[in-house]
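Chemist: Build me a structure from this.
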Amino acid sequence: MAMTPDTDVTLPEAESSPPRPSDSYVQSFARGLEVIRSFSAEAPQQTLTEVATRSGLTRAGARRILLTLQTLGYVETDGRQFRLSPRILDLGFAYLSSMPIWNLAEPVMEGLVDRVKESCSAAVLDGSDIVYVLRVPTHKIMRITLGVGTRLPAYCTSMGRILLAGLPDEEVIRRLNASALSGRTRYTVTHADELMAKVRQARDQGWCLVDQELEEGLISMAAPIVNRNGRVIAALNISGQANRTSAFEMQDRMLPHLLQSAQAISRMLSNPRV
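Modeler: This next block holds a predicted model:
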């Protein structure tokens, strides 16, 4: 699909029909995941009615799933309020432990932090969001609390744009269509054709810089991590404060270190023993 930065992009309608039960789709399992996802930082504890409402289930259906999760140790309750238990972390750690590359990547990221004196993170793309899989902090520079499992929109983050750059244009448009393209700051790019131009720029140059689009005062720069087939599977970034390091200085002084680290991790993925 050919698009230019000065041409309006009409995003296609997103598919809205939910999957139907079949031999390849277990509805009860999907509903259990919806119940788990209904808990969040905004709703760490919920009543049965709240869980049913947030997950789109009947009270009876939500109750069966909650009691199942409680029996398995993933949910705790005081009789009225339900909350996830620490055991739910096993599900996330199962993903991380299944990818030993992150154990090898952490020392590389720590070395990058030592050299640039800024925080470093790694993330993967999940739908229209990025999900943090590893973080080596230095100073607290964001109001948003970041950690493994944190989700942020792809369209206004450096890691998100570099991950989108690894996809065909048609797929990028589909994921932008699934995003709420809201102005998080006065600098946030929310117009579809501008975003496509920035994704293409990131694809062409092999890195991406986002200047205060996610949060005012925050500048971040990302590079791709590729597997042995050359496919972008993750992104590596560094983040800094605008009042301490300008976008120009970050690019001039830190980009070579970021690219070197991303390439080092990519080489690990090319090693058949990893």
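
Chemist: From now on I want contacts and neighbour counts done on CA atoms only, so please keep to that.
Modeler: OK.

Chemist: gap between the residue lying farthest from the centre of the chain and Tyr132?
Modeler: Residue farthest from the centre of the chain, counting by C-alpha atoms, centre = their mean, is Gly79 at 34.3 Å. Gly79 sits 34 Å away from Tyr132, going by C-alpha to C-alpha, to the nearest Å.

Chemist: distance of the residue farthest from the centre of the chain from Thr47?
Modeler: Gly79 sits 9 Å away from Thr47 when distances are taken as C-alpha to C-alpha.

Chemist: secondary structure element for Thr68?
Modeler: Element membership of Thr68 [criterion: DSSP states H and E] is helix 59-72.

Chemist: next structured bit after that helix?
Modeler: strand 75-77.

Chemist: Give the partner strands of that following strand in its sheet and their orientations.
Modeler: Strands that pair with strand 75-77, judged by DSSP bridges, come out as strand 82-84 (antiparallel).

Chemist: Quick check: end-to-end length of stretch 221-236?
Modeler: This stretch, stretch 221-236, spans 8 Å end to end (C-alpha to C-alpha).

Chemist: Repeat that for stretch 51-62.
Modeler: First-to-last distance for stretch 51-62 - C-alpha to C-alpha - comes to 7 Å.

Chemist: starting at the chain centroid, how far to that stretch?
Modeler: Remark: stretch 51-62 is offset 27 Å from the chain centroid, using C-alpha atoms, centre = their mean, to the nearest Å.

Chemist: Could you pull up the mean pLDDT of that stretch?
Modeler: For stretch 51-62, mean pLDDT is 94.

Chemist: So that it lines up with my notes, have the first residue be 23 from now on.
Modeler: That works, and once the first residue is 23, the last one we named lands at stretch 73-84.
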